[in-house]
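Asks: Everything below, folded, please.
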Amino acid sequence: MDNVASPKDKSRLTQEPTVIRRRPALLVALTLTATAALTLSACGGEDSSGANDKSAGADTSSTTPSAAPSAPEPSQDGRPEIELPADLSYTFEWPRTGDKDKDAVLGDTEQSIKAVDSAIVKQDALDSAYLYYYEGEAAAGTQKFIQNYVDQKAGITGSYRFYAPEVVVDDDGTASFTYCEDQGKAYVKYLETNEVRKTEVTAKSYVIYHASLKKNSEGVWEIQDIDSQSGSAKCRP
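Replies: Below is the predicted model:
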């Protein structure tokens, strides 16, 4: 399965991706910290009080010890095992529908989300587990998304909630899936210091996703394209 852009096909990796905008609020926090660090470095200054290392709505004073990994989730039908640390938790409020194909879309999407997070934790932008669930442009965009965390030596921690699923499966083996994510209790964690960057809950903490999937020859619902919008009125409480 060819999930990653070849070295000759540089356009998908060098252009700003239009797919895989998972956890945009977390990436904003990550980018703000990186920008602040670069600014301090350029000025040759150092603030021992740490006051200038905070942006509005963010608390960088919290630290947490590295969490031991949880037991890998058992693989199903040849799907990869996914190992995540104990400081990451998930709530998927999308009960099974009773429709075989729709439930398969729900199950594979749940695993794809965890697989991306596992790659972030491992600091491996080419981890095979997430590549199992992503194809084409979605795979290339996901690689760049994970690499952003790797470059900043950052991980993730906290709890994630997914809800309001809407699945449509077509006769041609394709599907569309819309769902919401609550990022209010999810944070960036810097791996060298175990510092957790806590941010306030705002409208942008609620994100809506639109995914296009296709069932491959092995029966896996692969994500072909995914986009998101933070602050979605549909997802806000």
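
Asks: Name the helix or strand for the closest residue to Asp103 other than its chain neighbours, please.
Replies: Setting aside the residues directly before and after it, Asp103 is nearest to Arg96 in space (CB to CB, 6 or more residues apart in numbering), at 4.6 Å. Bear in mind the C-beta positions are built from the backbone N, C-alpha and C, glycine included. Per DSSP states H and E: Arg96 is located in neither a helix nor a strand.

Asks: Distance check, Arg96 against Ala104.
Replies: 10 Å (CB to CB, to the nearest Å).

Asks: Ala138: which element?
Replies: Using DSSP H and E, Ala138 falls in helix 136-151.

Asks: ah, wrong one, I meant Ile208
Replies: strand 206-215.

Asks: Could you list the residues in contact with that strand?
Replies: 22-25, 101, 104-105, 108-109, 135, 173-184, 221-232, 234-237 (CB atoms under 8 Å, 6 or more residues apart in numbering).

Asks: Distance check, Cys180 against Glu166.
Replies: In terms of CB to CB, Cys180 sits 10 Å off from Glu166.

Asks: out of the two, which sits in the busier spot?
Replies: Cys180 (21 against 12; other CB atoms under 10 Å).

Asks: max-length strand in the chain?
Replies: strand 154-169 (DSSP state E).

Asks: so what strands line up beside that strand?
Replies: strand 88-92 (parallel), strand 174-182 (antiparallel), strand 186-190 (antiparallel) (DSSP bridges).

Asks: Just put these in a markdown table and tack on mean pLDDT and distance to Ala139.
Replies: As requested, those are arranged in a markdown table below (pLDDT from 0 to 100; distance: least, CB to CB, whole Å):
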| stretch | mean pLDDT | distance to Ala139 |
| --- | --- | --- |
| strand 88-92 | 97 | 22 |
| strand 174-182 | 97 | 17 |
| strand 186-190 | 94 | 23 |
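
Asks: Of these, give the one that comes closest to Asp77.
Replies: Of all the strands paired with strand 154-169, strand 174-182 sits nearest to Asp77, with 17.8 Å by CB to CB.

Asks: Dump that closest one to PDB, restricted to CA.
Replies: Coordinates of each C-alpha in strand 174-182 appear next as PDB, following Å, rounded to 0.1, in the frame of the first residue of the first chain:
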ATOM      1  CA  THR A 174     -16.700   5.100  -0.500                       C
ATOM      2  CA  ALA A 175     -18.000   6.900   2.600                       C
ATOM      3  CA  SER A 176     -18.200  10.400   4.200                       C
ATOM      4  CA  PHE A 177     -17.900  10.900   7.900                       C
ATOM      5  CA  THR A 178     -18.500  14.100   9.900                       C
ATOM      6  CA  TYR A 179     -17.800  14.300  13.600                       C
ATOM      7  CA  CYS A 180     -16.900  16.700  16.400                       C
ATOM      8  CA  GLU A 181     -13.900  16.800  18.800                       C
ATOM      9  CA  ASP A 182     -13.700  18.500  22.200                       C
END
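
Asks: what's next to it, contact-wise?
Replies: 23, 94, 101-102, 105-106, 109, 160-169, 205-215, 221, 232, 234-235.

Asks: Now the buried members of the residues you listed.
Replies: 23, 94, 101-102, 105-106, 109, 160-162, 165, 167, 169, 205-209, 211-215, 221, 232, 235 (16 or more other CB atoms under 10 Å).

Asks: got the angle between the top helix by length along the chain and strand 206-215?
Replies: Counting residues, the longest helix in the chain under DSSP state H turns out to be helix 100-122. Here the directions of helix 100-122 and strand 206-215 differ by 120 degrees (axes from the mean of the first three to the mean of the last three CA atoms, to 10 degrees).

Asks: Since that was my last question, I'll sign off now.
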